[in-house]
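Visitor: sequence and predicted model, in that order:
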Amino acid sequence: MRSLLCPVLFVALFVAAARAEEKSLLDPAEARLLTRQEQRIFGPKSSGGRYDARMIRAAQIATERAKPKKTWYCWRYVKNALLAAGLVSTRPVTAWAKQAGDELCKHHGFVQLNLRDPKKAPVGSVIVYGGPDAGHVELRTREGYVSDFVSKTPYPRPLVGIFIKPA
């Protein structure tokens, strides 16, 4: 039994060390205030905060690419927006939308906010929902939510979490 425990412990320590060395792409020097035009998009409460420009761009990209109706590829659309905006250096690999938060935190420098209401999520945040199937993921916008389609209301699923890339 002891001979099996040592290799398992070594692998666990190696994985933990590798994860500790992973760096976030966030550059706090790049965080900035919103322009007046961006404030109109992000809402009146956005004027005082510093935003990672890539989060702003991801929300804009997702809105531009969204379809009029669901395509059932929400996580694909959000992945593409995050990658195109430079928030992630490599394309997330998880298959299911409900796994998005774990991957974004473990591999891409995101943090989970202590919020349980998607309506209170900051603009640009990634909102992840669970459920018995693949789940759902969307980005918060001033007017509502966007993934593969645009919606004025949060998706009607159990909330897994709300995630941001801190500035």
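Guide: Looks like it arrived, so ask away.
Visitor: surely G86 and I56 touch.
Guide: No - using C-beta atoms under 8 Å, G86 is not in contact with I56; the gap is 11.3 Å. No exception for glycine: its C-beta is placed from N, CA and C like everyone else's.
Visitor: looking at those two, which has the bigger crowd around it?
Guide: Per other C-beta atoms under 10 Å, whichever of G86 and I56 has more neighbours is I56, with 20 against 14.
Visitor: model confidence for that one, exactly?
Guide: We have a pLDDT of 71 for I56.
Visitor: how far away is it from T63?
Guide: Going from I56 to T63 by C-beta to C-beta, to the nearest Å gives 11 Å.
Visitor: for the nearest residue to G124 once chain neighbours are set aside, give me its contacts.
Guide: Excluding the flanking residues, the one nearest G124 by C-beta to C-beta, 6 or more residues apart in numbering is M55, at 3.7 Å. By C-beta atoms under 8 Å, 6 or more residues apart in numbering, the residues touching M55 are A85, L87, G124, S125, I164, K165.
Visitor: for the protein, which residue is closest to the average position?
Guide: By C-alpha atoms, centre = their mean, the chain has its centre lying nearest to V126, at 3.5 Å.
Visitor: ok, for that residue, nearest residue in space, not its chain neighbours?
Guide: Closest to V126 by C-beta to C-beta, 6+ apart is F163, at 4.5 Å.
Visitor: same check, this time on A58
Guide: A85 (3.8 Å).
Visitor: so that neighbour sits against T63, correct?
Guide: No - counting by C-beta under 8 Å, no contact exists between A85 and T63, whose distance comes to 11.8 Å.
Visitor: and the strands in the protein, which stretches?
Guide: Per DSSP state E, the chain carries strands over the ranges 111-113, 126-129, 136-140, 145-146, 150-151, 159-164.
Visitor: list the pairing partners of the fourth one within its sheet, with orientation.
Guide: Partner strands and pairing direction for strand 145-146 (DSSP bridges) are strand 136-140 (antiparallel), strand 150-151 (antiparallel).
Visitor: if we can go back for a sec, got a list of what the residue nearest to the centre of the chain touches?
Guide: Shown in contact with V126 (C-beta under 8 Å, 6+ apart): V78, L82, A100, G101, L104, F110, V137, E138, L139, I162, F163, I164.
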